[in-house]
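1. Pasting the sequence and the predicted coordinates here, then a few questions.
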Amino acid sequence: MGKTVLLLLSILLIRSTTIRSSAQTHNENLKTLRKMKAIEKAIVLLNNRQAIIPVRQLEKRKIVSISFGLANQISFDSLLNKYSPLSYLNADKYKDSTDLNDLEDDLKYYNTVIVAIDNSEVSIPKVQNFLEDISKRKDLIIAFFGDGSSLKNLNRISTPVIWCPKNNLEASIVVPQIIFGGIAAEARLAQRYSTQYPKGAGYTTLVTRLKYTIPEEVGINSNDLLVIDSIAGQAIREQAAPGMVVLAATHGKVIFNKAYGYHTYAKILPDKVSDIFDMASVTKITATTPVVMHLVEEGRLSLDSTIGYYLARARKTPMNKIQVREVMLHQAGFIPFIPFQSYLKPSDHSADSSAAYPTKVANCYYIKKDFFNNYMWPKMLYSPIVTRGKYVYSDISMYVMQQIVEQLTETPLNTYVLRKFYYPLGMHSTGYLPLNRFGEDRIIPTEDDTSFRKTLLLGTVHDEGAALKGGVAGHAGLFANSIDLATYYQMLLNKGNYGGKQYFKPSTVETFIKKESKVSRRGYGFDRADRTQEYPSKLASSQTFGHTGYTGTCVWVDPSRDLVFIFLSNRVNPIRSTVLYKLNVRSHIQDVFNRAIDDAKRLQ
């Protein structure tokens, strides 16, 4: 049972190494899967007339989970948190009072209350009164674990009740996923428990979000994935990166999400699957490209229009007549990059912030006011156009697209993507400037920069140009974790649909992810597989799209396998290392999943 608990809590935190223990891992997972499936079939969703379950409009939700002493509350809350940010309140501190009025007042900042409760608590009158009062003022969701005879204690409740006859670890993992749509509710009451809960009562729902499960659910033997531990272990031993996080989702189910190593080689903070990484160029397809897609879909941006059409300042520069589609395909003729930091003068920066030096680049490093507008942007506008029509990967392309989309949306890129995509999707760990929202212990450090910023980069973007721009750039600056990225790329795999909301038309997604260039493998914004080069991996299908990031990250989506693969690392800590590339760590791990999915198909 110990290994089963570990597997469930960590969502495939595979630690077995011997042949015998590997077999046990697979066999225990099969037993666990049977338990989970039995629980899924037994759970009944009640009082869902208003279709509150699955929870929608996450951007409008302020959710709190209240603990009344449920044995597996930690697991319950952990699964809730994979879908949406939430706060936690423990009702224990109110247990000696004659009522729960103080607890009720403490909910003033929340509009959605989730209560996990069992037989022992649901029969207490003050708890019943509390639930009834809250149901009149908030969106209350009750997860009731226990005997159905106790449902009568909830007769006065008209808000959703998810009843699970079992009260164990597996149940605490299944119920949160029904609340958010990772698992569908299907069962009906087999008998009458009260007038409120008659025989046959129950509501059905659809799966609308990712499910968190084990490989055996999609026909994959966990033993076939054990080699990932070896690949990651070797990479860390040979200092490809101090730590890494790997995630794989297939058929809408996260079957693997594991962290390896530490934040740094000092081995103080172990990596966690919730840790936030500097995404580097994955920013291009996770922040800038989605806004381009949205604006194209709305008819506010045309791929056939020119840079000069949208940006007045470009009209007297070499960029003027370059089409947006050329920019998105890296065929605009831009030079690859400009080393802005090498042109800095002492008067351009200061160790302290002030009105004259307001833009933070790193700790104790502030750039002078309007440095981007007065120096960086003109240098890009007037840079030579020398390879137009040919494929030359250039960061300047996404600097340009950021200027265009901000002009059209009249909103800073970092603000727009939060409101339009990340918050509605539940991607609460994704965004620019992470130190404004998170503690340093959740953010993975990158380079110990001894030449430019002269500090360890922690929560400030690694890319020099993005840093000089203030941390918000079209090509770099985004920080995210594996769970959030899986959500976004599952939405693309679903042709723009996620959580019951259509973010893009299927035709828009198809236009952007498919090969569009006549001179390269690229799509609009997205990189794509090249089978002749075995890129991004030997077994990647020709349909695969995604991107890599300089800091040691990548996201690849393979529609033919219904696969989302995410690899996050900080291979530039403490200095820039190429070992990750030499060992082909990302490619080898990606092919472990490719092979496992293919084997599962053959065995069906």
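-> Good, I have the coordinates. Numbering: from 1, shown residues only.
2. Downstream of the helix or strand bottoming out on mean pLDDT in the chain, the next helix or strand is which one?
-> Lowest mean confidence among the helices and strands of the chain (mean pLDDT, DSSP states H and E): helix 2-10, at a mean of 40. Per DSSP states H and E, the first helix or strand lying C-terminal to helix 2-10 is helix 19-42.
3. which secondary structure elements does that next one contact?
-> helix 2-10, helix 169-180 (3 or more CB pairs under 8 Å, 6 or more residues apart in numbering; DSSP states H and E). In short, each C-beta sits where N, CA and C put it, glycine included.
4. Return the set of buried residues in that helix.
-> 22, 25-26, 28-29, 32-33, 35-36, 39-40, 42 (16 or more other CB atoms under 10 Å).
5. ok now do T446, which residues does it touch?
-> 278, 457-458, 462, 551, 570, 572-573 (CB atoms under 8 Å, 6 or more residues apart in numbering).
6. So which of the residues you listed are in strands?
-> D278 (DSSP state E).
7. got a winner among the contacts of T446 for most neighbours?
-> D278 (34 neighbours; other CB atoms under 10 Å).
8. thought that residue was touching I444?
-> Yes. The pair D278 / I444 is scored as a contact, 7.2 Å apart, by CB atoms under 8 Å.
9. Please enumerate the shared neighbours of these two.
-> Contacts common to D278 and I444, judged by CB under 8 Å, 6+ apart, are N570.
10. Kindly indicate whether V400 is helix, strand or coil.
-> helix (DSSP: H, G, I helix; E, B strand; the rest coil).
11. Quick check: it vs T288, distance?
-> 10 Å (CB to CB, to the nearest Å).
12. do the same with A312
-> Distance from A312 to T288, by CB to CB: 21 Å.
13. Export the buried residues of helix 19-42 to a markdown table and append columns for distance to N223.
-> Formatted as a markdown table, those follow (distance: CB to CB, whole Å):
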| residue | distance to N223 |
| --- | --- |
| S22 | 5 |
| T25 | 6 |
| H26 | 5 |
| E28 | 11 |
| N29 | 9 |
| T32 | 15 |
| L33 | 15 |
| K35 | 20 |
| M36 | 19 |
| I39 | 25 |
| E40 | 24 |
| A42 | 29 |
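14. show me what contacts the residue nearest the centre of the chain?
-> Closest to where the C-alpha atoms of the chain average out (CA atoms, centre = their mean) is D484, at 0.8 Å. D484 is in contact with 422, 425-430, counting by CB under 8 Å, 6+ apart.
15. any idea how far it lies from F277?
-> 11 Å.
16. still on that earlier bit, now the contacts of D484 in JSON lines, please, with extra columns for neighbour count, secondary structure and distance to I268.
-> Formatted as JSON lines, the contacts of D484 follow (neighbours: other CB atoms under 10 Å; DSSP: H, G, I helix; E, B strand; the rest coil; distance: CB to CB, whole Å):
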{"residue": "Y422", "neighbour count": "25", "secondary structure": "helix", "distance to I268": "30"}
{"residue": "L425", "neighbour count": "23", "secondary structure": "helix", "distance to I268": "32"}
{"residue": "G426", "neighbour count": "26", "secondary structure": "coil", "distance to I268": "30"}
{"residue": "M427", "neighbour count": "25", "secondary structure": "coil", "distance to I268": "28"}
{"residue": "H428", "neighbour count": "20", "secondary structure": "coil", "distance to I268": "25"}
{"residue": "S429", "neighbour count": "24", "secondary structure": "coil", "distance to I268": "21"}
{"residue": "T430", "neighbour count": "26", "secondary structure": "coil", "distance to I268": "25"}
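17. Pick out the most distant pair among those.
-> L425 and S429 (11.4 Å; CB to CB).
18. circling back: nearest to Q234 among the contacts of D484?
-> Nearest member of the contacts of D484 to Q234, counting by CB to CB, is S429, at 28.3 Å.
19. is it true that the closest one touches L485?
-> No. With contact defined as CB under 8 Å, S429 does not count as touching L485 (9.5 Å).
20. picking up where we left off before, of A312 and T288, which one has the most company?
-> More crowded of A312 and T288, by other CB under 10 Å: T288, with 26 against 9.
21. okay, and the common contacts of V400 and T288?
-> G474.
22. What is the burial count for S451?
-> Quick note: S451 (other CB under 10 Å) scores 9 neighbours.
23. tell me the secondary structure for it?
-> Applying three-state DSSP: S451 is coil.
24. Same check on V327?
-> helix.
25. Which residue is the nearest non-sequential neighbour of it?
-> Excluding its sequence neighbours, the residue lying closest to V327 (CB to CB, 6 or more residues apart in numbering) is S397, at 4.9 Å.
26. so where does the one you found fall, helix or strand?
-> Secondary structure (DSSP H and E) places S397 in helix 396-409.
27. Do a quick rundown of the strands in the stretch 301-450 of the chain.
-> 349-350, 359-362, 365-367, 431-432, 448-449 (DSSP state E, counting those that start in this stretch).
28. which residues of the stretch 1-150 of the chain score low on pLDDT?
-> Flagging of the stretch 1-150 of the chain using pLDDT under 70 yields the residue ranges 1-24.
29. Which positions are bridged to A249 in the beta structure?
-> V254, V564 (DSSP bridges).
30. So it sits against A486, correct?
-> Yes. Using CB under 8 Å, A249 makes contact with A486 at a distance of 5.2 Å.
31. Count residues in the vicinity of P176, would you?
-> For P176, using other CB under 10 Å, the count is 25.
32. nearest spatial neighbour of it, skipping sequence neighbours?
-> L79 (3.8 Å).
33. dump the residue contacts of that neighbour.
-> Taking CB under 8 Å, 6+ apart, one finds 172-173, 176-177, 212 in contact with L79.
34. As CSV, these with distance to I220 and pLDDT would be great.
-> Listed next are those as CSV, based on distance: CB to CB, whole Å; pLDDT from 0 to 100:
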residue, distance to I220, pLDDT
S172, 24, 97
I173, 19, 96
P176, 23, 98
Q177, 19, 98
Y212, 15, 98
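35. from those, which two are the most distant?
-> S172 and Y212 (12.3 Å).
36. Any idea how far stretch 88-107 is from the middle of the chain?
-> Taking CA atoms, centre = their mean, to the nearest Å, one finds the center of stretch 88-107 at 33 Å from the center of the full chain.
37. Can I get it in PDB? Just the C-alpha atoms.
-> Taking C-alpha atoms only, stretch 88-107 is exported to PDB below (Å, rounded to 0.1, in the frame of the first residue of the first chain):
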ATOM      1  CA  TYR A  88      -7.200  27.000   2.400                       C
ATOM      2  CA  LEU A  89      -9.000  27.400   5.800                       C
ATOM      3  CA  ASN A  90      -9.000  24.900   8.600                       C
ATOM      4  CA  ALA A  91     -12.200  24.700  10.500                       C
ATOM      5  CA  ASP A  92     -10.500  23.100  13.500                       C
ATOM      6  CA  LYS A  93      -9.800  26.400  15.100                       C
ATOM      7  CA  TYR A  94     -13.500  27.100  15.300                       C
ATOM      8  CA  LYS A  95     -14.500  23.700  16.700                       C
ATOM      9  CA  ASP A  96     -14.900  24.900  20.300                       C
ATOM     10  CA  SER A  97     -17.400  27.600  19.400                       C
ATOM     11  CA  THR A  98     -21.100  27.000  19.500                       C
ATOM     12  CA  ASP A  99     -21.500  28.200  16.000                       C
ATOM     13  CA  LEU A 100     -19.400  28.900  12.900                       C
ATOM     14  CA  ASN A 101     -20.100  32.500  12.400                       C
ATOM     15  CA  ASP A 102     -16.500  33.500  12.700                       C
ATOM     16  CA  LEU A 103     -15.600  31.000   9.900                       C
ATOM     17  CA  GLU A 104     -18.400  32.400   7.800                       C
ATOM     18  CA  ASP A 105     -17.000  35.900   8.200                       C
ATOM     19  CA  ASP A 106     -13.600  34.700   7.100                       C
ATOM     20  CA  LEU A 107     -15.000  33.800   3.700                       C
END
